[in-house]
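Q: sequence first, predicted coordinates after that:
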Amino acid sequence: MKKISAHSKTSLFLMEMIFVLLFLALSSAACIRIFAAAKNNHIQAQEWRHIQTLTTSVGEILEDSDGTAKSFVSLFPDGQIQDNLIEWYYDSSWQLCSDSQASYKMELTLHETANSRQGTLTFYHATNDIQIYTIDLVFPIIENSDKEASS
């Protein structure tokens, strides 16, 4: 008869425990990656939501203004004007702030044309100046029939 050694069962148990710990470690690493990606997606979704709101506001103001930087800033305050470029700075919670505390920057470049109001709106990460989003806004100038009849 063969003798069955008692330590072979314990070595099998230890091997099973090692595999269980390995599986647990791998699944934990996968969960950490999933949660990190979810956080990045949440931050990006917040950025896009604020960008969409600001783009809509800028477009409506550009459509109703006379197309100059001064009239635009009178309707959308706290912008810094440099010729036809207007800049706004926002902190990480999208509140207006100074350029030294900014996390985001919004730039509007106004283009002068005879028959339309045009501008290029661009959003940046202020810390590393990486462009997030840009859009060209164009609104035709429509003359009222009253003005045309009197001329």
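A: Here it is on my side, so go on. Numbers count the residues shown, from 1 in each chain.
Q: need phi/psi at the residue most central in space within the chain.
A: Compute the mean C-alpha point of the chain, and by CA atoms, centre = their mean the closest residue is E47, 3.1 Å away. As for E47, its main-chain torsions (degrees, to the nearest 10) stand at phi -60, psi -50.
Q: how near is it to A38?
A: As judged by CB to CB, to the nearest Å, E47 and A38 stand 15 Å apart. C-beta: built from backbone N, CA, C; applies to glycine.
Q: same question, D66
A: 46 Å.
Q: confidence-wise, which helix or strand of the chain is lowest on average?
A: For the chain, using mean pLDDT, DSSP states H and E, the weakest element among its helices and strands is helix 145-150, scoring a mean of 51.
Q: next one: phi and psi at G79?
A: Backbone torsions for G79, taken as degrees, to the nearest 10, come to phi -90, psi 150.
Q: now do the contacts for the residue nearest to the centre of the chain.
A: E47 sits next to 104, 132 when contact means CB atoms under 8 Å, 6 or more residues apart in numbering.
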